[in-house]
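**Student:** one predicted model, sequence on top.
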Amino acid sequence: MYRCVLLLASFFSVVLLSDRPGYGADQPNVVMISIDDLNDWTGFLGGHPDVSTPNMDSLASRARNFTNAHCAVPVCSPSRISVMSGTAPTTHGSYEIGPRYEELSALHDVPTIQRYFKDHGYYTLAGGKVLHHGFTGRLSGAIDQSLGRKKSPRPRKAMNRPSSWSGAWDWGEYPEENAQMADHQLALDSVQILQSDLKKPFFLSVGFYRPHVPLFVPPCWFQKYDIESIHLPNIPRWDLDDVPKNFLNINSYAVAPTHAEVLEYGKQRELTQAYLASISFVDACVGLVVDALQASQYAKNTYVVLWSDHGFHLGEKNHWAKRTLWEESTRVPLLISGPEIFPDVPCEQSVSLIDIYPTLVDLCGLSRNENLEGLSLVPQLEDPRTVREKPAITSSYFGNHAIRSRDWRLIVYENGEEELYDHRNDPDEFQNLADDLQHETIKNKLRSWLPEQVAPEFKEKSERNRLLDR
């Protein structure tokens, strides 16, 4: 019954949206901006008191702000595969860095969102990090024009990292100018496209790398943040005392330092400053693209979707980087702006990044893609108070899942151990309520959303592919 009601609601929403500019002969355009490793440290999400993101905040003031959005997998490659395919990792089988989109047999007949729009008459452009491994092999035909092929320079030797740390975990004021950064070059290429006269509706995918490590950005961005006065995350020493121990060695695979190592070398403030600086740098890149769109002939007929592939820990829960099933790893920025989207209030319903694909298909009036597993966000674009029954589901490694509703997070590990957090009273997830019998009803409700059919993990990971995320 619920699915029937949902389909009817989606149908009537699309009917209402069909009067917008861009339907029929005047098809709307899409600008999709993805940002690598950006957590909720933005002004519009209030994740850090010092962060400066004026350009993304300006976009948020004109967009629907989904304040409870979550990734499907808290690591780059499978998260992006999930977004571009519109399917969950429990369907395609990628839970970690490794397989390319085209290697996953479950996606053999599933077109990327770019391919789907191209097949429906769109001119597709992409640059930067959109899919983790790019549009290669059988996917190469999905993109009509590639942008931003240059790479940012790296220092010839380590700048600030301890010698025992991976080279990926370095940071510093480098290079001297924004123009030397690949993200800035990609932004300028996108500006040039938006200033041109495109003869067809377009789908522009812009993938920015920062704030992914190594955290190198020009000096001006470091100078925005006084290293001695920046706020550090609240990290109680006792925070992990009530959580299962089986998932705490996640960094044994990853190249990130442990929180103990960060403290041992006295690098917490430096890393926090570098991450904030990188966020402000990428915010400026976003501003170049969005401002060019606002000044263009396409301004009134273009949907903008901004998202990050997963969150990022900077010491919270004694963890650095990603891959966990806690809020810092799964929560992401998600903004959607465009014709007749009125940014009256944020949407607090839990949503997933795999909802982006069906949402854009609906907004642009394309025929339904039956492969998609996400839910269209059109009802929440019409009214942010519209309730979604289905929670956001995140998987990390095979058999481990987080179920995030509006108010609760349940984590269920492969061995059956659990964590439960009440976000109404505990947004930092300090108190694990899984063993409290008075919460058994909500646990059972959330457990009912655990995936019944789970694809086995794709195992053929090469060392080269593993290194691509470092």
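**Tutor:** In hand now; what should we look at? Residues are numbered from 1 along each chain as shown.
**Student:** does Ser82 touch Thr90 like I think?
**Tutor:** No. With contacts counted by CB atoms under 8 Å, Ser82 stays clear of Thr90, the gap being 9.8 Å. The way it works is simple: take the backbone N, C-alpha and C, and place the C-beta from them, glycine included.
**Student:** looking at the two, which one has more neighbours?
**Tutor:** Counting neighbours by other CB atoms under 10 Å for Ser82 and for Thr90 shows that Ser82 has the greater number, 29 against 23.
**Student:** phi and psi next, for the more buried one.
**Tutor:** Ser82 adopts backbone torsions of phi -60, psi -40, taken as degrees, to the nearest 10.
**Student:** nearest residue to it other than its sequence neighbours?
**Tutor:** Ala72 (3.8 Å; CB to CB, 6 or more residues apart in numbering).
**Student:** I'd guessed Glu316 sits against Asp428; true?
**Tutor:** Yes. Using CB under 8 Å, Glu316 is in contact with Asp428, at 7.4 Å.
**Student:** give me the common contacts of these two.
**Tutor:** Shared contacts of Glu316 and Asp428 (CB atoms under 8 Å, 6 or more residues apart in numbering): Asn234.
**Student:** the more surrounded of the two?
**Tutor:** More neighbours surround Glu316 than the other of Glu316 and Asp428, with 23 against 17 (other CB under 10 Å).
**Student:** spit out the contact partners of that one.
**Tutor:** Taking CB under 8 Å, 6+ apart, we find Glu316 in contact with 233-235, 326, 328, 428.
**Student:** next: Pro384.
**Tutor:** Shown in contact with Pro384 (CB under 8 Å, 6+ apart): 64, 344-349.
**Student:** and it, what pLDDT?
**Tutor:** pLDDT, Pro384: 97.
**Student:** ramachandran angles for it?
**Tutor:** According to degrees, to the nearest 10, Pro384 has phi -60, psi -10.
**Student:** quick revisit: inside strands: which ones of the contacts of Pro384?
**Tutor:** Among those, the ones falling in strands (DSSP state E) are Arg64.
**Student:** quick one: buried ones out of the contacts of Pro384?
**Tutor:** Neighbour-count burial (16 or more other CB atoms under 10 Å) applied to the contacts of Pro384 gives 64, 346-347, 349.
**Student:** now distance to Glu177 and pLDDT too, for these, in CSV please.
**Tutor:** As requested, these are exported to CSV (distance: CB to CB, whole Å; pLDDT from 0 to 100):
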residue, distance to Glu177, pLDDT
Arg64, 35, 98
Pro346, 36, 97
Cys347, 39, 98
Gln349, 42, 98
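**Student:** and of these, the nearest to Glu373?
**Tutor:** Minimum distance to Glu373 across the buried ones among the contacts of Pro384 is 17.4 Å, recorded for Gln349 (CB to CB).
**Student:** just to revisit the earlier point, which pair in the contacts of Pro384 spans the largest distance?
**Tutor:** Spatial extent of the contacts of Pro384 (CB to CB) is set by the pair Asp344 and Gln349 at 14.9 Å.
**Student:** could you turn the buried ones of the contacts of Glu316 into a PyMOL selection?
**Tutor:** Of the contacts of Glu316, the buried ones go into a single PyMOL selection, burial set by 16+ other CB under 10 Å:
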select buried, resi 233+235+326+328+428
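**Student:** host element of the residue lying closest to Leu59 once chain neighbours are set aside?
**Tutor:** Closest residue to Leu59 apart from its sequence neighbours, by CB to CB, 6+ apart: Val290 at 5.4 Å. Using DSSP states H and E, Val290 sits within helix 268-294.
**Student:** and that helix, how far out from the chain's middle?
**Tutor:** Offset of helix 268-294 from its chain centre (CA atoms, centre = their mean, to the nearest Å): 15 Å.
**Student:** helices along this protein, start to end?
**Tutor:** Using DSSP state H, the helices found in the chain span residues 2-17, 54-60, 76-85, 89-92, 113-119, 182-194, 219-222, 259-264, 268-294, 327-330, 356-363, 378-382, 440-447, 463-467.
**Student:** and Ile341, how many neighbours?
**Tutor:** By the measure other CB under 10 Å, the count of residues near Ile341 is 20.
**Student:** from Glu440, how far off is it?
**Tutor:** Using CB to CB, to the nearest Å, Ile341 is found at 40 Å from Glu440.
**Student:** give me whichever of the helices of the chain is most buried.
**Tutor:** Most buried of the helices of the chain by mean neighbour count (mean count of other CB atoms under 10 Å) is helix 76-85; its value is a mean of 28.
**Student:** check which helices and strands that one sits against.
**Tutor:** Here helix 76-85 touches helix 89-92, helix 113-119, helix 356-363, going by 3 or more CB pairs under 8 Å, 6 or more residues apart in numbering; DSSP states H and E.
**Student:** export these as JSON lines, with columns for distance to Asp239 and mean pLDDT.
**Tutor:** Formatted as JSON lines, the helices and strands packed on helix 76-85 follow (distance: least, CB to CB, whole Å; pLDDT from 0 to 100):
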{"stretch": "helix 89-92", "distance to Asp239": "27", "mean pLDDT": "96"}
{"stretch": "helix 113-119", "distance to Asp239": "38", "mean pLDDT": "98"}
{"stretch": "helix 356-363", "distance to Asp239": "32", "mean pLDDT": "98"}
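**Student:** how about those helices in a markdown table, adding distance to Leu420?
**Tutor:** As requested, the helices and strands packed on helix 76-85 are exported to a markdown table (distance: least, CB to CB, whole Å):
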| stretch | distance to Leu420 |
| --- | --- |
| helix 89-92 | 21 |
| helix 113-119 | 34 |
| helix 356-363 | 28 |
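**Student:** right, and those - which one's nearest Arg138?
**Tutor:** Evaluated over the helices and strands packed on helix 76-85, closeness to Arg138 peaks at helix 113-119, with 9.6 Å, by CB to CB.
**Student:** so what touches the closest one?
**Tutor:** 30, 32, 83-86, 111, 124, 126, 130, 135, 139, 141-144, 203, 205, 356-357, 360-361, 364, 366, 369.
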